[in-house]
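model this:
(chains A and B)
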Amino acid sequence: MPLTRLAEDEGSERVSAVWLRLGMVCDPELDEPITDLGFVDQVRIDGNEVAVSFRLPTYWCAPNFAFIIASDIHERVAELSWVERVQVRLRDHCVEEAITNGITLGRSFEETFPGEATGDLTHIRAVFRRKAFMTRQEQLLSCLRGSGWSADSLVCLTIQELCDLTGLGPDGNRLRDRYLAVRLELTLPSKGNQRAITTAEGATIAVEAFEAYVRTLRSCRMNMEINTHFCRGLLRVRYAVPDPDGSQQAAASEHGPVARLEWHKSPPADSVS
Amino acid sequence: MTVRKHDDCAHVHEANGGIPMYVTPRGEEIFIIDGHTHFWDGSPQNQRNRHGAEFIDCFYDYHRNLSPADYLWPKDKFQKYSEETMMRDVFVDGYDDMAILQPTYLSDFYVKGFNTTEQNAVVAKKYPDRFILNGAFDPRDGDRGLDYLQELVERFKIRGVKLYTAEWKGDSKGWKLTDRWSCQYLEKCQQLGVKNIHVHKGPTILPLNLDAFDVRDVDEVATSFPELNFIVEHVGLPRLDDFCWIATQEKNVYGGLAVAMPFIHTRPAYFAHIVSELLYWLGSDRLLYGSDYAIWHPRWIIDKFMAFELPEDVKKETGADLSIDVKKKILGENAARLYGIDIEAQKVKLKNQRLAVSAV
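Numbers count the residues shown, from 1 in each chain, chains lettered A, B, ... in the order given. Next comes the predicted model:
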């Protein structure tokens, strides 16, 4: 499905800027950008106002995850210097109105669902960032082990050495970058001489415990992958999204196979609205 | 009777038009008990509101997402199918010998309910040797619900219930197994001999700020009610690792494989991971096959499951082996033990029956 992009340079720049911001928003459960997952349905830019509409694989997707996505969309897009107002809309969902209104009115999760929440989303965010850490670490370790790295060398690998690794290829580089990024997020030790492979709590791993440790990582990663596969498939059938093949994947991530991006230049200041 | 063959696994139709049992190429009969089937009415006429429409649409998306192309149904058939269709799909074309009817009430979404115990009882009564009729309870019904549970046992002799903890009721979006009223109901189940508690977790259980798929509440009730068996449907997916951790410790926790088995079709590597983890942590005695009919069909699922082999590296790493003996347990022996079915006696009963179902 083609994008609607205007030839106007400034408009194209703004559209790209918003799209990049949306790419920073991950589904908390799947740890993948919502732009890649096909969740973004429409982006409309009207002068300095941005309206984003998104949808999820099912009508029944957990309200907490849906709220996190909506909230993060709002936060990320609002960070753009020229943006004065962000409207986020969740559609085709069992609590779409509550979440859309909650975000619009700047309400917290508890305020959005009074009597149905016993706390904020800090805990669940942390639970899933930890799972994301384990998944990203496992993916990196798989890559390195596949290239012949031994358990001994992996437990001793320092952060500087990891940063300096060459020959990983674009996929390997991406895995390394994603792992380092989640380490930063979790404020884990990041000095060059510190160990690169630690638990999510920052503890180092003894070489004799490495295999058992990798097993738990693998379990976490497989769960996430299975869930992602399932959710992507549901979204595809729900919205009749064509299967992206490998060659189109990069383009799909950049522009989104189904998002409609629109930019409208605001009328001159002295015109009657 | 014509038979559609979807792979090379042998199956036998009795010459007199009786109902086939699954038979392996080596001539071994496998008695199959489907742990999870429905006889629903999700038609527009029965939908009370948008949620009712969306609920069946979501099931339909599950169906389309993971079914082989030649098993896809048009939407109107999927919303409401006939008894004849079900009997043919499950017992004639499908390899099930018996099936557990698991109710899902959803009275807030459907005028007559999605599929209640009473509705299921009609077909179960017609074919008492084929169906195991399960009941349900909702602890939010308080005292009245406890009476209803008693009634279900007296009237239908139920030995199991299905609990849908994410069912919406008025202002409530769900409940937890560990809620005080829920525990009262579980106590009542223990008293009444309703031993098998099939738990289905959903995304809107309270409190909404916590992970709805967290299976820790199963851990607690399994410990508190050691006489009951807790069958966690779809093996806790998408929290398989958490489920395995609990189930390895609580010997009265079982895994229902509905939703997991269709992965054999779309991503066999994922199914290999799921089943090998389950075998490693739970062993082979606590897993139950389920088709979740009519979301998926007990023909292709069994065909593919029987043909499925764990990759050597997975076997080596986990020590798991999906041998024929393990498959037999998953497909029927484990459920038979939970529901007190004597397989040999049941085979004799069923062999002499005919199902008056017209050919496709």
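
what about stretch B:203-212 and chain A, touching?
Yes: using CB under 8 Å from any CB of the partner chain, stretch B:203-212 reaches chain A at B:203-204, B:206-212. To be clear about C-beta, it is placed using only N, CA and C from the backbone, and glycine gets the same treatment.

Quick one: which of these has the lowest pLDDT value?
The lowest pLDDT within the residues of stretch B:203-212 next to chain A belongs to residue B:204, which sits at 66.

Chain B versus residue A:129, what's the distance?
Going from residue A:129 to chain B by CB to the nearest CB, to the nearest Å gives 13 Å.

That residue and residue A:187 touch, don't they?
No: under the criterion of CB atoms under 8 Å, residue A:129 is not in contact with residue A:187, lying 10.9 Å apart.

now residue 261, what's its secondary structure?
As the question left the chain open, I've gone with chain A. Under DSSP: H, G, I helix; E, B strand; the rest coil, residue A:261 falls in the strand class.

Chain B is the one I meant
coil.

Now for the nearest residue to it once chain neighbours are set aside: which residues touch it?
Distances taken as CB to CB, 6 or more residues apart in numbering or on different chains place residue B:301 nearest to residue B:261, at 5.2 Å, with adjacent residues excluded. Residue B:301 makes contact with B:261-262, B:264, B:289, B:291, according to CB atoms under 8 Å, 6 or more residues apart in numbering or on different chains.

how about a cut-off of 7 Å?
B:261-262, B:291 (CB atoms under 7 Å, 6 or more residues apart in numbering or on different chains).

on that earlier part again, most neighbours among the residues of stretch B:203-212 next to chain A, please name it.
residue B:208 (26 neighbours; other CB atoms under 10 Å in any protein chain shown).

Just after the lowest-mean-pLDDT helix or strand in chain B, pick out the following helix or strand.
Every helix and strand of chain B was ranked by mean pLDDT, DSSP states H and E. The lowest is strand B:11-12, at a mean of 42. For strand B:11-12, the following helix or strand on the C-terminal side (DSSP states H and E) is strand B:21-23.

what are the pairing partners of that next one, and which direction each?
strand B:11-12 (antiparallel), strand B:29-30 (antiparallel) (DSSP bridges).

What residues sit buried inside it?
Under the neighbour-count criterion of 16 or more other CB atoms under 10 Å in any protein chain shown, strand B:21-23 has B:21-22 buried.

and that strand, how far from the chain's centre?
Mean-position distance between strand B:21-23 and its chain equals 20 Å (CA atoms, centre = their mean, to the nearest Å).

Same question for stretch A:38-54.
With CA atoms, centre = their mean as the basis, stretch A:38-54 stands 17 Å off its chain's centre.

what's the answer for stretch B:97-115, then?
That offset, for stretch B:97-115, works out to 12 Å (CA atoms, centre = their mean).

Tabulate the CA atom coordinates of it in PDB.
Presented in PDB, the C-alpha positions along stretch B:97-115 are these (Å, rounded to 0.1, in the frame of the first residue of the first chain):
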ATOM      1  CA  ASP B  97     -12.500 -40.800  19.700                       C
ATOM      2  CA  MET B  98     -13.700 -38.700  22.500                       C
ATOM      3  CA  ALA B  99     -13.900 -35.000  23.100                       C
ATOM      4  CA  ILE B 100     -14.200 -32.700  26.200                       C
ATOM      5  CA  LEU B 101     -16.800 -30.000  25.600                       C
ATOM      6  CA  GLN B 102     -15.400 -26.900  27.400                       C
ATOM      7  CA  PRO B 103     -18.000 -24.200  28.000                       C
ATOM      8  CA  THR B 104     -17.400 -20.500  27.600                       C
ATOM      9  CA  TYR B 105     -20.400 -18.500  28.800                       C
ATOM     10  CA  LEU B 106     -19.700 -14.800  28.000                       C
ATOM     11  CA  SER B 107     -23.300 -13.900  28.800                       C
ATOM     12  CA  ASP B 108     -22.300 -10.200  28.700                       C
ATOM     13  CA  PHE B 109     -21.400 -10.600  25.000                       C
ATOM     14  CA  TYR B 110     -23.900 -13.200  23.800                       C
ATOM     15  CA  VAL B 111     -27.700 -13.300  24.300                       C
ATOM     16  CA  LYS B 112     -27.800 -17.100  24.900                       C
ATOM     17  CA  GLY B 113     -24.200 -17.400  25.900                       C
ATOM     18  CA  PHE B 114     -21.300 -18.400  23.600                       C
ATOM     19  CA  ASN B 115     -21.500 -22.100  24.600                       C
END
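
before we move on, back to that, Throw the residues of stretch B:203-212 next to chain A into TSV and include secondary structure and distance to residue A:95, thanks.
Formatted as TSV, these follow (DSSP: H, G, I helix; E, B strand; the rest coil; distance: CB to CB, whole Å):
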residue	secondary structure	distance to residue A:95
B:203	coil	11
B:204	coil	8
B:206	coil	13
B:207	coil	14
B:208	coil	9
B:209	coil	13
B:210	coil	16
B:211	coil	17
B:212	coil	13
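
Name the nearest of those residues relative to residue B:64.
In terms of CB to CB, no member of those lies closer to residue B:64 than residue B:203, at 19.6 Å.

Wait, the closest one touches residue A:65, no?
No: using CB atoms under 7 Å, residue B:203 makes no contact with residue A:65, being 8.3 Å away.

Dihedrals phi and psi, residue B:254?
As for residue B:254, its main-chain torsions (degrees, to the nearest 10) stand at phi -120, psi 160.

For the contacts of residue B:301, which single residue is the most surrounded?
Highest count within the contacts of residue B:301 by other CB under 10 Å belongs to residue B:291, 29 neighbours.

what residues are up against residue A:68?
By CB under 7 Å, 6+ apart, the contact list for residue A:68 reads A:28, A:121, A:125.
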